[in-house]
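**Q** Structural data only, the sequence is not supplied:
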Ligand code: SF4
Ligand code: SF4
C-alpha cells in the first residue's frame, strides 16, 4: 500500500492528505505531552510536515523518545490496530523525495525500538549505509594505481587505513596497516563508523566533510561524550563501538 510507511518492529505510519478527516484520538506531535499520552492508551500521533520545520526536528524527536518510553512503561502500548497493522502516526504533507522528511521518519523508527541497544544498532547501520551510498561509485578519494589523492606523492597504497602503533618498549612507534583492512580487496572488515565519518584535507578541499550535528540520527540520540567517541574511535570494529556507547 503506498499510503503506508513501514517502520521496523511492525509499526506503521499512515499517510493522509491534508483534507482527510483525522481520527479523534490523535495527538499533534508539536503539542505532545506526558499527560496527554497517559490519559490516552491508544495514542496516535499527527505529524504534519507543514506545521514544523527542520530546526524543530531534534526537539520533537527528543520529546517523543521520553514520552514513548514512559507510555510503554505505564500503558504498555502505543498506537492503534487498523487492518492488522499497528499505526503509531498519521503523516500529512510528507514528501518521500525530501531527504529531511525521510530523516525525521528514521528518527521515529529509531524511537520505537524496544531497547537502547537495538536503537543504537539501527542508528549505527543506517548512518553507515548513508555514508557508504554517499561515496559509492564516485571515487571521491581519486584512487589511481591504488594511491588516493591525499597520498598521491607518497608510497602509501592504503588510503588512511594505517596508524601508528606504539611498541611495548621504547618511545619509537611504527606505522602499521589497520588490522581490519581486508588485504585482498582493500575493504574494511570492521564497519567502523568513525572511520567512515573521517575526511582528510584532500576530501575537505573538495567540500566533503561530515559533522555529527548535521546527521540527525547521531545528533538527536547521543550525548556529547558519546558523540566524542563516535568521532574519535577510529580503527575500531562496530561491536566495540556499540559496547562503549552503551556504557555512556
Ligand atoms: S579520506 Fe583522504 S587519506 Fe583517506 S583514502 Fe580518502 S583521500 Fe586518502
Ligand atoms: S577500521 Fe578504519 S582504518 Fe581500519 S580498515 Fe576499516 S576503515 Fe580502514
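**A** Yep, it's here. Since this is a predicted model, take the numbers as computed values, not measurements. Ligands and ions are numbered 1, 2, ... in the order given.

**Q** show me where this structure has strands.
**A** Using DSSP state E, the strands of the chain run over 4-6, 11-16, 26-28, 44-48, 80-82, 85-92, 162-166, 173-177.

**Q** domain ranges for this structure?
**A** 4-114, 121-246 (automatic domain parsing).

**Q** rank those domains by pLDDT, which is bottom?
**A** Here those differ in mean pLDDT, and the lowest is domain 121-246 at a mean of 89.

**Q** Residue numbers of the protein in contact with ligand 2?
**A** 161, 178, 180, 181, 188, 190, 192, 195, 234, 235 (C-beta under 6 Å from any ligand atom). Every residue, glycine included, has its C-beta placed from N, CA and C.

**Q** Quick check: the fifth one touching residue 161?
**A** Spelled out, it's residue 188. Yes: taking C-beta atoms under 8 Å as the definition, residue 188 is a contact partner of residue 161 at 7.2 Å.

**Q** Now the common contact residues for the two.
**A** Shared contacts of residue 188 and residue 161 (C-beta atoms under 8 Å, 6 or more residues apart in numbering): 178, 180, 181, 195.

**Q** Would you convert those residues into TSV that also reports distance to ligand 1 and neighbour count?
**A** Formatted as TSV, these follow (distance: C-beta to the nearest ligand atom, whole Å; neighbours: other C-beta atoms under 10 Å):
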residue	distance to ligand 1	neighbour count
178	11	20
180	15	16
181	11	18
195	9	19
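
**Q** Pick out whichever of residue 188 and residue 161 has more residues nearby.
**A** Using other C-beta atoms under 10 Å as the criterion, residue 188 and residue 161 rank with residue 161 on top: 20 against 15.

**Q** Please tell me how far that one sits from residue 103.
**A** 29 Å (C-beta to C-beta, to the nearest Å).

**Q** Where is the longest helix in this structure?
**A** Across the chain, the longest stretch assigned as helix under DSSP state H is helix 116-135.

**Q** Need the phi and psi values for the nearest residue to residue 159 once chain neighbours are set aside.
**A** Closest residue to residue 159 apart from its sequence neighbours, by C-beta to C-beta, 6 or more residues apart in numbering: residue 148 at 4.7 Å. Backbone torsions for residue 148, taken as degrees, to the nearest 10, come to phi -80, psi 170.

**Q** State the distance from residue 148 to residue 93.
**A** From residue 148 to residue 93 the distance is 43 Å (C-beta to C-beta).
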